[in-house]
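>>> Fold the stuff below for me.
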Amino acid sequence: MSSADGRGGERAADSVPTDFDSDRRLPTSLLDLLADLGAPRVLVFGDLILDRYVEGTASRVSPEAPVLVFESAHVRNRIGGAGNVAANVVSAGGRATCLGLVGDDEAADRLTMLLREAGIETDGIIRDGQRKTTVKSRFVNKTHQVLRFDEETILPPAPDALAATLAFLAERVAEFDVVILSDYGKGVLTDACLRAVITAARERDVPVLVDPKGSDYKRYRGATLITPNKLEAEIASGITVGVEDDLDRIAQSLGDSAELDAVLITLGKDGIYFRTKGGHRAILPTEARAVFDVTGAGDTVVALLGMALGAGFGLGPAVRLANLGAGIVVGRFGTASVTRDELRGLLGATDPGKIVDTKELSQLLVALRNERRRIVFTNGCFDLLHPGHLDYLTKARAYGDVLIVGVNDDASIQRLKGPTRPICPVEDRLALLAGFEVIDHLVAFAEDTPLALIEQISPHVLAKGEDWRDKGVVGREWVESHGGQVVLIPLKQGHSTSTIIERVLALEAKH
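Residues are numbered from 1 along each chain as shown. Below is the predicted model:
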């Protein structure tokens, strides 16, 4: 069995074509693939799910029964199921349309709104009055799930919903570069729907990728490839993986029975295995340095794989790109997506320098997490720098390996402190702060609070001055729920920007 290195920033990407790769593009590196990927048009057809995270604490036992008492503090709604595949496509620079069924309920409204906000086309979302929208509620104590509560109706589409689905497929499949079937077993992907979409797509030479469910993969007959995880592949084939040759037997069995061009099996911490119809096979070792949460990793794999194949690239480089993306998302909490900039960052494409924008920050964060660096974040206006600032930042830096500082832009300071501030424009403040050796990276933000920046960074340590003890530290819930800590740093007495301004104004008044 051959193996391949998943990184691929500096080496050829499977330069020997496989039987799958006839007339397909074989880039010299993954960086070249990303540069030429474009914006493939992807149809994601399958089960749409609203993922709800109820964050709180479970620190005591109920006096009524031997169960934990969960005290809810915050609720977050996220795109799940087939929608998360589409979110990964858009995040990585592609164009995605969702086709699927939802109920006629509040959860459907919320999910549709989230999809639109993510830049996903929703004209394929069909209301089915006989079902309720699938909602998975996860109760989370810091980073650990205490309970999951599912609300769903599992049944085939109602006649009018089925007719609308088939009409969409007949009219629209030719518009897309690739079709991804995301099957969570909720009843949407019936045999009739599968036959319709696979037949229509293959007649137009559109690849069809399947993230399968259940044990009968013959349902997906004629698709381009399937992407089960190891357990799913074992169940579907009836073969247990003991040695690598067992993977070959599984892939050949599944591929032959469903008449597939290739089979890809995700192996968790052991990476990704794939085998083509002609017998070309490889295992790519995982790119993950630390596994935090595997939720949604399969969605990332099939999304990136579909984008690369839809853009005309060969299977080898497409699998390596998918493996790279999976290594990023398993280091995050909950369903997640990955951007093209983050992929470039993991490949070492750029050195963004000390002052970065949010796009460069995305690349930087992937590299820092890949190196297992302990990230400290703090923020402020930093108008008229003084020794108190240096003392505070030095103490903050001591809590980790990297200090990232968020700096309010001029407009946000005016909203917070009035029209006479700031004294120094943001460009000058950033340039002066860049001279502080204790600061590793600086990024300006335009919002009134740094919450969006904190959520993007998810620092190990959020540092604030001790004067925020009774004010409520913005981002505390996010950081602590993701396993980080909030530290309040003592301030150097007698030093503040306001004091300096008052002193200058007093001297000016005397003269």
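>>> Correct me if wrong: residue 327 contacts residue 346.
Yes. The pair residue 327 / residue 346 is scored as a contact, 7.4 Å apart, by C-beta atoms under 8 Å. Glycine gets a C-beta too; all of them are placed from N, C-alpha and C.
>>> Residue 392 versus the closest residue to residue 391 other than its chain neighbours, what's the distance?
Computed as C-beta to C-beta, 6 or more residues apart in numbering, the closest residue to residue 391 that is not its neighbour in sequence is residue 492, at 4.3 Å. Distance, residue 492 to residue 392, by C-beta to C-beta, to the nearest Å: 7 Å.
>>> Strands along the stretch 201-350 of the chain, start to end?
Secondary structure of the stretch 201-350 of the chain (DSSP state E, counting those that start in this stretch): strands at 208-211, 225-226, 262-266, 272-276, 281-284.
>>> Indicate which one of the ones you listed is closest to residue 33.
Of all those, it is strand 281-284 that lies closest to residue 33, at 14.6 Å by C-beta to C-beta.
>>> Would you map the strands across the stretch 351-500 of the chain?
Secondary structure of the stretch 351-500 of the chain by DSSP E, counting those that start in this stretch: the strands cover 375-380, 402-408, 441-445, 461-465, 485-489.
>>> picking that back up, dump the strands of the stretch 201-350 of the chain to a markdown table, plus distance to residue 448, mean pLDDT and mean neighbour count.
What follows is the strands of the stretch 201-350 of the chain, written out as a markdown table (distance: least, C-beta to C-beta, whole Å; pLDDT from 0 to 100; neighbours: other C-beta atoms under 10 Å):
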| stretch | distance to residue 448 | mean pLDDT | mean neighbour count |
| --- | --- | --- | --- |
| strand 208-211 | 40 | 97 | 27 |
| strand 225-226 | 47 | 96 | 28 |
| strand 262-266 | 42 | 95 | 26 |
| strand 272-276 | 43 | 93 | 25 |
| strand 281-284 | 44 | 89 | 21 |
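>>> Can I get the ones you listed in a markdown table including distance to residue 441?
Output for those, formatted as a markdown table (distance: least, C-beta to C-beta, whole Å):
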| stretch | distance to residue 441 |
| --- | --- |
| strand 208-211 | 37 |
| strand 225-226 | 40 |
| strand 262-266 | 33 |
| strand 272-276 | 32 |
| strand 281-284 | 31 |
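>>> now the strands of the stretch 351-500 of the chain as a markdown table including distance to residue 71 and mean pLDDT?
Below are those laid out as a markdown table (distance: least, C-beta to C-beta, whole Å; pLDDT from 0 to 100):
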| stretch | distance to residue 71 | mean pLDDT |
| --- | --- | --- |
| strand 375-380 | 27 | 96 |
| strand 402-408 | 30 | 96 |
| strand 441-445 | 31 | 96 |
| strand 461-465 | 22 | 94 |
| strand 485-489 | 19 | 93 |
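>>> Which stretch among the strands of the stretch 201-350 of the chain approaches residue 302 most closely?
Here strand 208-211 is closest among those (C-beta to C-beta), at 4.8 Å.
>>> how close does residue 476 get to residue 71?
The spacing between residue 476 and residue 71, counted by C-beta to C-beta, is 16 Å.
>>> These two: which is more packed in?
A count of neighbours by other C-beta atoms under 10 Å puts residue 476 above the other of residue 476 and residue 71, at 16 against 11.
>>> Tell me which helix or strand comes right after the worst-scoring helix or strand of the chain on mean pLDDT.
When each helix and strand of the chain is scored by mean pLDDT, DSSP states H and E, strand 2-3 comes last, with a mean of 41. Downstream of strand 2-3, the first helix or strand assigned by DSSP states H and E is helix 30-36.
>>> buried sites along that following helix?
For helix 30-36, a neighbour-count test (16 or more other C-beta atoms under 10 Å) marks 30-34 as buried.
>>> sorry, back to before: of residue 492 and residue 392, give the one with the bigger neighbour count.
Neighbours were counted for residue 492 and for residue 392 using other C-beta under 10 Å; residue 392 has more, 23 against 16.
>>> Apart from its chain neighbours, what residue comes closest to that one?
Closest to residue 392 by C-beta to C-beta, 6+ apart is residue 489, at 5.8 Å.
>>> Report the contact partners of the nearest residue to residue 318 once chain neighbours are set aside.
Distances taken as C-beta to C-beta, 6+ apart place residue 308 nearest to residue 318, at 3.5 Å, with adjacent residues excluded. Contact partners of residue 308, counting by C-beta atoms under 8 Å, 6 or more residues apart in numbering, are 33, 37, 317-318, 321-322.
>>> Same list, the residues you listed, but as a markdown table with pLDDT and distance to residue 59 please.
A markdown table is the format used below for those (pLDDT from 0 to 100; distance: C-beta to C-beta, whole Å):
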| residue | pLDDT | distance to residue 59 |
| --- | --- | --- |
| 33 | 93 | 48 |
| 37 | 95 | 47 |
| 317 | 92 | 48 |
| 318 | 94 | 46 |
| 321 | 93 | 43 |
| 322 | 93 | 40 |
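>>> Any stretches of this protein with poor pLDDT?
The chain contains residues with pLDDT under 70 at 1-18, 142-143, 287-296, 330-336, 348-351, 494-495, 497-498, 501-502, 504-506, 511.
>>> All the helices of the stretch 351-500 of the chain, residue numbers only.
Ranges of helices in the stretch 351-500 of the chain, per DSSP state H, counting those that start in this stretch, are 358-370, 387-397, 410-417, 426-433, 451-457, 476-481, 497-510.
>>> Return the most buried member of those helices.
Mean neighbour counts were taken over the helices of the stretch 351-500 of the chain using mean count of other C-beta atoms under 10 Å, and the top value, a mean of 20, falls to helix 358-370.
>>> Next, the angle from it to strand 441-445.
140 degrees (axes from the mean of the first three to the mean of the last three C-alpha atoms, to 10 degrees).
>>> Can you get me the centre-to-centre distance for helix 358-370 and its chain?
For helix 358-370, the distance from its own C-alpha centre to the chain's C-alpha centre is 13 Å (C-alpha atoms, centre = their mean, to the nearest Å).
>>> Ok, stretch 470-485 next?
21 Å.
>>> which residues are contacting that stretch?
So stretch 470-485 is contacted by 55, 73-74, 140, 142-143, 333, 449-451, 454-455, 458-462, 464, 486, 488 (C-beta under 8 Å, 6+ apart).
>>> Drop anything exposed from those residues.
For the contacts of stretch 470-485, a neighbour count by 16+ other C-beta under 10 Å gives the buried set as 55, 140, 333, 450, 454, 458-462, 464, 486.
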